[in-house]
Structures are given as structure tokens and as C-alpha cells.
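# Curious how this folds, go ahead:
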Amino acid sequence: MSEIELKFAIPADRSSQVVAEAGRGRECLRDLAAPEPAQAAIGSHNDAVVAIEGYRAATAGNPVAWFAVGWLTARIDDSAARARQSLNAIEGKKRFWR
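Alright, predicted model coming up:
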């Protein structure tokens, strides 16, 4: 089975396990886990951006939606900064595929 065929044959949630079993074990798992904090920070930021848009669409006569827009908007710059910092933290890190 070629690498491409193997990639599509393995469910995404098992890919890290398969890579670890392929020979590099702990090193691969460490490298695969390194971006998790960045993924979480980016996901939280994206959730806030999407929520702002959703609440904006619901503001007509809805003071709770207006409050949510203001509250989220006030925190969006901090959210973006945390996402940037988390990406900067993993930039240049050694990766098993390099």
C-alpha cells in the first residue's frame, strides 16, 4: 500500500497512533501534540468571530444580542493576540517530518 493509499485508509483520529507505531514513537507523538495549544487558541478565536456575526444578525430589538456583540468585540483583540502567541510558540520547532 502506498503512502497516499495508507493516508486515506486510516481514519483521522487514528493517524497519530499509526504514525507512532510506524517507528518513531514518542518523538512523533510529541511533535503531533505540539500544535494542540495553538489549535485550541485559534479555535476559540474563530468561535468568537463567528459568535459576533451571529449575534449581530440577531440584534434587531434584542438587547441580549447587543450585549453579546459588545462583550465579544471588547475581547476579540486579546483573543487574536493569544492565537498569534500560541502560533509563535511552535514556529520553528523541530518536526519529525523535517
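# C-alpha from now on. contacts and neighbour counts both.
OK.
# State the distance from Cys72 to Ala65.
Cys isn't right for residue 72; it's Leu. Taken as Cα to Cα, to the nearest Å, the spacing of Leu72 relative to Ala65 amounts to 10 Å.
# Tell me which residues of the strand or helix carrying Glu53 come out buried.
Secondary structure assignment for Glu53, by DSSP states H and E: helix 36-57. Judged by neighbour count (16 or more other Cα atoms under 10 Å), helix 36-57 contains these buried residues: Ala38, Ala41, Ile42, Ser44, His45, Asn46, Ala48, Val49, Ala51, Ile52, Tyr55, Arg56.
# what helices or strands is that helix leaning on?
In this structure, helix 36-57 makes packing contacts with helix 63-90, judged by 3 or more Cα pairs under 8 Å, 6 or more residues apart in numbering; DSSP states H and E.
# between the helix it packs on and helix 36-57, how big is the angle?
160 degrees (axes from the mean of the first three to the mean of the last three Cα atoms, to 10 degrees).
# and helix 63-90, average pLDDT?
The average pLDDT within helix 63-90 is 93.
# per-domain residue ranges of the protein.
The chain breaks down into these structural domains: 1-33, 36-93 (assignment by automatic domain parsing).
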